[in-house]
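Enquirer: Coordinates only, no sequence provided:
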């Protein structure tokens, strides 16, 4: 059987002080973590509230037009386009006046810094 060496009172007090310090540190970290969570939640909520206020304060502008005249003008444009399909296609892409010519100079390539 091994005999246990008697511990000194100073060693016991030092161990107790270390445990108290560790517990105090852990409690402080938990408090800071909780405060950080509340601060992030508050910032997200505040930014959302400000976004809602800004969205309601600065809404877009509407243009008041007569819808019946607008729809009749659109119908006239569609009818004109349907009657003259060849006229609209002739205004599309056209061939160039002259074919491209190959140049004898080599391309200039610059890479890198100074």
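Expert: Great, that's in hand. On a predicted model such as this, the values are computed, not experimentally measured, just so you know.
Enquirer: where are the low-confidence patches of the protein?
Expert: Applying pLDDT under 70 to the chain flags the ranges 1-2, 4-6, 64-74, 78-90, 113-114.
Enquirer: Which residue ranges of this protein form strands?
Expert: Assigned by DSSP state E, the chain shows no strands.
Enquirer: how about the helices of it, start to end?
Expert: 9-57, 67-83, 85-90 (DSSP state H).
Enquirer: got JSON lines for the ones you listed, with distance to residue 105 and mean neighbour count too?
Expert: Where you see a C-beta, it was placed from the backbone N, CA and C, and this is true even at glycine. What follows is the helices of the chain, written out as JSON lines (distance: least, C-beta to C-beta, whole Å; neighbours: other C-beta atoms under 10 Å):
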{"stretch": "helix 9-57", "distance to residue 105": "57", "mean neighbour count": "10"}
{"stretch": "helix 67-83", "distance to residue 105": "47", "mean neighbour count": "10"}
{"stretch": "helix 85-90", "distance to residue 105": "38", "mean neighbour count": "9"}
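Enquirer: mind putting those in TSV, distance to residue 101 included?
Expert: Shown next, in TSV, are the helices of the chain (distance: least, C-beta to C-beta, whole Å):
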stretch	distance to residue 101
helix 9-57	57
helix 67-83	38
helix 85-90	28
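Enquirer: looking at those, which is closest to residue 99?
Expert: helix 85-90 (21.5 Å; C-beta to C-beta).
Enquirer: Just give me the neighbour total for residue 112.
Expert: 4 (other C-beta atoms under 10 Å).
Enquirer: picking up where we left off before, so for residue 102, which of the helices of the chain sits nearest?
Expert: The nearest among the helices of the chain, by C-beta to C-beta, is helix 85-90 at 30.8 Å.
Enquirer: so what's the backbone phi/psi at residue 101?
Expert: Phi and psi for residue 101, reported as degrees, to the nearest 10, are phi -110, psi 140.
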